[in-house]
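A.B. asks: Whatever this is, show me its structure:
(one chain, ligands or ions: 1)
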Amino acid sequence: MAHVFKHLVLVLKHKHKVFINCCKCGLFWRGLVHDMSKLSPTEFFESAKYYAGKHSPITNARIDKGYSRAWLHHKGRNKHHIEYWYDSQNKEQADMPYKYAVENICDRIAAGKTYHKLDYMPKNVLNYWQRTVEPQYYNERMYNFYLKVFTDLAEKGEKYILNKKYLKATYYECVTKPKQRRLPPAEKQIQTELPTDL
Ligand SMILES: [Zn+2]
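C.D. replies: The predicted structure is shown next:
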């Protein structure tokens, strides 16, 4: 348990960075409660044991044991992870609500800075996402949303994307609008059900 202190510092530093990012997007509460389950015994002690510093301890746990209990515990309790919304029985995966989708972006930027330290560049977030993305977790809308946001982050910088105006507009364009377009308005549905020979 040599890394209890180092891991605690890492978690708190990460939470602090996420908090700052979330505040820039107007999500004060999400920033405050972000990743609280990392302090639960199931997550904390496994991650302290597999502390790596330059990458997530979950990776080391997986290499050693083939799975990470901390991750299984974490993804089931934290709505900012797309895996939380995954149901293998669904034909199409659910949309992540706006506030959690944004918390995820704040999380990834903070994690990039934590692990890359001085050589962090905004394009690291896009590269990491593209390298590790598992498409089964995403419906087309959520996939397009993240691709757009991380591409804009890489090309136009953090200030451009980390604000309420940009994120609301992008979520609307990529997620809300395509979904609305697909579902016909309620009145239309009723009309088509009326017998035509009236
Ligand atoms: Zn998390």
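A.B. asks: which intervals of the chain have sub-threshold pLDDT?
C.D. replies: Within the chain, the stretches with pLDDT under 70 are 1-2, 183-198.
A.B. asks: for the ion, what are the nearby residues on this structure?
C.D. replies: With the criterion set to Cβ under 5 Å from the ion, the chain comes near the ion through D35, N78. No exception for glycine: its C-beta is placed from N, CA and C like everyone else's.
A.B. asks: Tell me where this structure has helices.
C.D. replies: In the chain, the helices defined using DSSP state H lie at 4-24, 28-33, 41-49, 57-65, 69-75, 98-116, 123-132, 140-156, 158-161, 164-171, 177-182, 186-193.
A.B. asks: Could I get the buried residue list for the third one?
C.D. replies: Right, helix 41-49. By neighbour count on 16 or more other Cβ atoms under 10 Å, the buried set for helix 41-49 is E43, F44, E46, S47, A48, K49.
A.B. asks: M96 touches N104, doesn't it?
C.D. replies: Yes: here M96 reaches N104: they are 7.2 Å apart, a contact under Cβ atoms under 8 Å.
A.B. asks: okay, and the common contacts of these two?
C.D. replies: Each of I82 lies in contact with both M96 and N104 under the rule Cβ atoms under 8 Å, 6 or more residues apart in numbering.
A.B. asks: Between those two, which is the more surrounded one?
C.D. replies: M96 (26 against 22; other Cβ atoms under 10 Å).
A.B. asks: Number of residues surrounding T176?
C.D. replies: 15.
A.B. asks: Report the contact partners of the closest residue to G157 other than its chain neighbours.
C.D. replies: Among residues not flanking G157 along the chain, P122 sits closest, at 6.0 Å (Cβ to Cβ, 6 or more residues apart in numbering). Taking Cβ under 8 Å, 6+ apart, we find P122 in contact with I109, L153, A154, G157, E158.
A.B. asks: mind checking how far the nearest residue to I20 once chain neighbours are set aside is from N21?
C.D. replies: Excluding the flanking residues, the one nearest I20 by Cβ to Cβ, 6+ apart is G31, at 7.4 Å. For G31, the distance to N21 equals 7 Å [Cβ to Cβ, to the nearest Å].
A.B. asks: For these two, list the residues in contact with both.
C.D. replies: C106.
A.B. asks: if we can go back for a sec, buried subset of the contacts of P122?
C.D. replies: I109, L153, A154.
A.B. asks: mind checking how far the last one is from M121?
C.D. replies: In this view, A154 and M121 are 8 Å apart by Cβ to Cβ.
A.B. asks: same deal with the first one?
C.D. replies: For I109, the distance to M121 under the criterion Cβ to Cβ works out to 11 Å.
A.B. asks: I'd like to know how many residues surround K177.
C.D. replies: 12.
A.B. asks: Likewise for V125?
C.D. replies: Neighbours of V125 (other Cβ under 10 Å): 25.
A.B. asks: just I58 next, same as before
C.D. replies: 21.
A.B. asks: Please give me every residue in contact with it.
C.D. replies: Per Cβ under 8 Å, 6+ apart, neighbours of I58: S47, Y50, S68, A70, W71.
A.B. asks: what does G26 give?
C.D. replies: Here G26 is in contact with K164 (Cβ under 8 Å, 6+ apart).
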